[in-house]
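1. Provided below are the primary sequence and the corresponding predicted coordinates.
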Amino acid sequence: GNVKQLYDTTKKLVGKYSRPERPVKDKEGKPITEIQQQRNRWVEYFEDILNRPAPTNPPDIKAAHTDFPIDVNPSTTQEIRMAIRQIKNGKASGSDNIPAEALKSDIRQIKNGKASGSDNIPVEALKLDTEEEEQVPMDWKEGHLVKIPKKGDLSKCENYRGITLLSIPGKVFNRVLMNRMKDAVDAQLRDQQAGFRKD
């Protein structure tokens, strides 16, 4: 399966929906009426919040042992299926508009014997995309920043919080990596250590 074609088709089917922007105020408290200026204000606001300088005197903490034997081979279909199962349903998708349920439906079909290995399009697409290109697709790295209103005057940027919607296929890829790292770390931990462990 061609992953690019899958993404393009999904984007065409979903389409783009945009609500009109709510008027906001600039830093001095003056209302901004032009749409592009409002968008520029949001960019400025989130850049101020997210691009903080590094601490001048970071704490002097000794680095921990990090020489873990982490598997760096291409992802297996089994690893990808397990990672897809671990992704939560009902979460908003990223800029590629691929929901977790779309990937999970493929797994259910295979489990019920309704699909053969060649019909295994989402799982195989996730596997092939990273193997053939030998890099993570840009869609998987990018996030869509959404502003959520808090209490107070909604014409002030400070009364919103931002959340980043990430690509679900990107989350699956990250989950495969995290599972591999967890296996490597768990193998190094003593059996007696019960605290601060996931399972």
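-> Looks like it arrived, so ask away. Numbering: from 1, shown residues only.
2. would you enumerate the residues in contact with the residue nearest in space to the middle of the chain?
-> The centre of the chain sits closest to L166, judged by Cα atoms, centre = their mean, with a distance of 2.9 Å. By Cβ atoms under 8 Å, 6 or more residues apart in numbering, the residues touching L166 are G94, G143. C-betas here are computed from N, CA, C, even on glycine.
3. now it. Its backbone dihedrals?
-> Reported as degrees, to the nearest 10, the phi and psi values for L166 are phi -100, psi 160.
4. then K25?
-> Given degrees, to the nearest 10, the pair of backbone angles that K25 has is phi -110, psi 150.
5. what's the distance between the spatially closest residue to it that is not a sequence neighbour and R39?
-> Leaving out its chain neighbours, the residue that sits closest to K25 by Cβ to Cβ, 6 or more residues apart in numbering is S155, at 5.1 Å. Here S155 is placed at a distance of 15 Å from R39 (Cβ to Cβ, to the nearest Å).
6. just give the number of residues close to the closest residue to G152 other than its chain neighbours.
-> The shortest distance from G152 to any non-neighbouring residue, by Cβ to Cβ, 6+ apart, is to N159 (4.1 Å). N159 has 14 neighbours, counted by other Cβ atoms under 10 Å.
7. in the chain, what helix or strand scores lowest on average pLDDT?
-> helix 121-133 (a mean of 61; mean pLDDT, DSSP states H and E).
8. need the next SSE after that one, C-terminal direction.
-> helix 138-141 (DSSP states H and E).
9. that next one: what's the following helix or strand?
-> Next along from helix 138-141, by DSSP H and E: strand 143-149.
10. pull out the buried positions in that following strand.
-> With burial defined by 16 or more other Cβ atoms under 10 Å, the residues of strand 143-149 counted as buried are K147.
11. how far does it sit from the chain's center?
-> Taking the mean of its C-alpha atoms, strand 143-149 sits 13 Å from the chain's own mean (Cα atoms, centre = their mean, to the nearest Å).
12. quick one: contacts of that strand?
-> So strand 143-149 is contacted by 42, 46, 92, 94-95, 159-166 (Cβ under 8 Å, 6+ apart).
13. give the pairing partners of it; include direction for each.
-> Using DSSP bridges, the strands paired with strand 143-149 in its sheet are strand 160-166 (antiparallel).
14. restrict the partner strand to CA atoms and write it as PDB.
-> Extracted C-alpha coordinates of strand 160-166, given in PDB (Å, rounded to 0.1, in the frame of the first residue of the first chain):
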ATOM      1  CA  TYR A 160      -6.600  30.200  26.700                       C
ATOM      2  CA  ARG A 161      -4.400  27.100  27.100                       C
ATOM      3  CA  GLY A 162      -2.900  25.400  24.100                       C
ATOM      4  CA  ILE A 163      -2.900  21.700  23.400                       C
ATOM      5  CA  THR A 164      -1.100  20.000  20.600                       C
ATOM      6  CA  LEU A 165      -2.800  17.400  18.500                       C
ATOM      7  CA  LEU A 166      -0.300  14.800  17.300                       C
END
